[in-house]
Each structure stands twice: as structure tokens, then as C-alpha cells.
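> Have a look at this prediction, sequence included:
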Amino acid sequence: MSFLDGFFIVIMSIAAIGVLIVLPFYLVACGGIMNYGLVPLQRCSDGITLRTSPQKGDVSLTYHTYRGVLVWVTQEEIAGYTTPEEARTLLKRLLKFNLTWGMLSYGLIFIPLLAIGNYFAQMRSIRIQSKSK
């Protein structure tokens, strides 16, 4: 057996142990699969006030987030009203969230397209709403 064959077997063994033992233990220890990635998602809105009704100068914001592991994925809608500056900051954080926590699921191919497309659509919407006020 060559060095590369042995190296490949070691890497695949580590990956299998990680998927079959470490990942389920991590999910159970962190409150189950439904809470997976929830704390980082909540951290995205730190310092930002997202209101349910608009105030003067506010813009509306609707963005979908994705998080999951392997064959499980969940989509959550973030919607509300805030200032244009806070909306841009929140959108950047949510895009980064989608491109990290959303990429661990089977939606690996589609999530970047959806997240980036929604990001640009919302940024354009914020720009249009800001100019009209």
C-alpha cells in the first residue's frame, strides 16, 4: 500500500467518525437539530432594531435565511422595518450567515444562488425606498 492510499484511508476514517459520532453528539449537546445555527442567526441582529410597523424614514426588509446539516435544512424569513443603514448592515450579516451555516446542508448548490439573489434584490429595494422618502 502506497503512502497516498494510507493517507486517503486515514482521512476517510476521520470523516466517517466525524459524521457518524461527533456530529450527532454535537447536535444533541446543543439542543437538537431544530436549534442548530440559531444562536449565530440571532447574533446577526445584534445592535439592530427591526420593527413590525414603519416609522418615518424606515425601509421594509424581507430576507430568507437557510441553515441545516446534511439532509436537514430550514428556511426562515426575516422581515420588518428599520433605517436604511441598519437594513444594509443586517443584510450583509444575513448573507454571510447563509453562506456559512446554509452551506452545510443538501442545498449546497442552490443556497448561494438564492441568498445572493435575494441580497441584491433587497439592496436595490432599500436604495429605491431611500430615494422616494
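Thanks, I have it. Computed from a prediction, not measured in an experiment: that's the story for all the values here.
> all contacts plus neighbour counts: C-alpha atoms, from now on.
Fine.
> quick one: low-confidence ranges for this structure?
The chain contains residues with pLDDT under 70 at 23, 26-34, 133.
> which helix is the longest one in it?
Longest helix in the chain, counting residues (DSSP state H): helix 111-132.
> Run through who's touching it.
Residues from elsewhere that reach helix 111-132 (Cα atoms under 8 Å, 6 or more residues apart in numbering): 57, 59-66, 84, 87-88, 91-92, 95, 98-99, 102-103.
> out of those, which are buried?
59-66, 84, 87-88, 91, 95, 98-99, 102-103 (16 or more other Cα atoms under 10 Å).
> List the contacts of the residue nearest the centre of the chain.
Among the residues of the chain, the one closest to the centroid is Asn98, at 2.6 Å (Cα atoms, centre = their mean). Residues near Asn98 by Cα under 8 Å, 6+ apart: 65-67, 111-112, 115.
> If we use 6 Å, what do you get?
Going by Cα atoms under 6 Å, 6 or more residues apart in numbering, Asn98 touches 65-66.
> SS state for Gly47?
The three-state assignment at Gly47 reads coil, by DSSP: H, G, I helix; E, B strand; the rest coil.
> What of Gly57?
Following three-state DSSP, the label given to Gly57 is coil.
> which parts of the longest helix of the chain are buried?
Those buried within helix 111-132 under the rule 16+ other Cα under 10 Å are 111-112, 115, 118-119, 122-123, 126.
> do stretch 47-60 as well
Result for stretch 47-60 [16+ other Cα under 10 Å]: buried residues 50, 58-60.
> Show me the beta-bridge partners of the closest residue to Ala87 other than its chain neighbours.
The shortest distance from Ala87 to any non-neighbouring residue, by Cα to Cα, 6 or more residues apart in numbering, is to Leu61 (6.9 Å). Going by DSSP bridges, Leu61 is paired in beta bridges with Gly80.
> Leu61 is in contact with Ala79, isn't it?
Yes - the pair Leu61 / Ala79 is scored as a contact, 5.4 Å apart, by Cα atoms under 6 Å.
> For the two, list the residues in contact with both.
By Cα under 6 Å, 6+ apart, no residue touches both Leu61 and Ala79.
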